[in-house]
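Colleague: What shape does this take:
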Amino acid sequence: MSKTNKILAGFGVATALGIAISPLAVFADDPTTVDGETTINAIIEEVISMSLVSSDSANPYNCNSAATPNCSGTDQSATTTILPSQADTDSMYTIVTINTNSVNGYNLTLADSDTNNALVAPTGTIAAIASEPVGGTNPGWAIAVDKASQTGTITWLQVPISTSTPPLTIKSHHPSPAAVTVNDVTTVTYGVAASSSQPTGIYTDTVVYTATTGV
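Modeller: As a prediction, this is how the structure comes out:
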């Protein structure tokens, strides 16, 4: 047998085996029915929202910092009038309300809007400090987070400038077991104290709050 004949014979065997095996593959299932699968994926993206209500009144817009607030209206500036040597630590505050579907919770930070964290007027400044403002003896301005719920000595914090890294974290909310966050409230009180020689004027600064879903 020549080399060519051997090759042809080999094809013949393969063809014969194919004819023998094919009926088993074709008739193993119903030839009139075919199946297919599709996987459905619904991707829910993380979202977070924040509302700010700032005021110098005891109960702005029917908000209650001790419970879930029911707030309406637009953001207001926190304003107070004090005399030299006086301090105001209760009437100026911001209620921050956070909602997020992130099961990892959220982080709430704040920083000044620019590189000058003092309260500024054309006539002078009131410095940002990291202690309780006291009229005459410790003038300045600072913040206290959830002051009403603190016991003992109140913790006062200095608002950092905008370029501080990282910014000041005032709350890390990470629910356990993991769950979405609904109307989680943080109240920030602004304390301001003037020196006995503080010039008259409207002293102003702006604070930026940032809420980020947790990691």
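Colleague: Just the helices from the protein, written as ranges.
Modeller: For the chain, the helices defined by DSSP state H cover 3-26.
Colleague: okay, now Asn107: neighbour count?
Modeller: Asn107 has 20 neighbours, counted by other CB atoms under 10 Å. In short, each C-beta sits where N, CA and C put it, glycine included.
Colleague: pLDDT at it, what is it?
Modeller: With respect to pLDDT, Asn107 has a value of 96.
Colleague: which residues touch it?
Modeller: Going by CB atoms under 8 Å, 6 or more residues apart in numbering, Asn107 touches Thr169, Lys171, Ser172, His173, Ala211, Thr212, Gly214.
Colleague: Try it again at 6 Å.
Modeller: When contacts are counted by CB atoms under 6 Å, 6 or more residues apart in numbering, Asn107 is found next to Thr169, Ser172, Thr212.
Colleague: Let me know the distance separating it from Gly214.
Modeller: Distance, Asn107 to Gly214, by CB to CB, to the nearest Å: 6 Å.
Colleague: Might one say that Ser162 is in contact with Asn117?
Modeller: No: counting by CB atoms under 6 Å, Ser162 stays clear of Asn117, with 8.4 Å between them.
Colleague: okay, the two: which has more neighbours?
Modeller: For Ser162 and Asn117, the more surrounded residue by other CB under 10 Å is Asn117, and the numbers stand at 22 against 15.
Colleague: low-scoring stretches of the chain, by residue?
Modeller: Applying pLDDT under 70 to the chain flags the ranges 1-29, 56-76.
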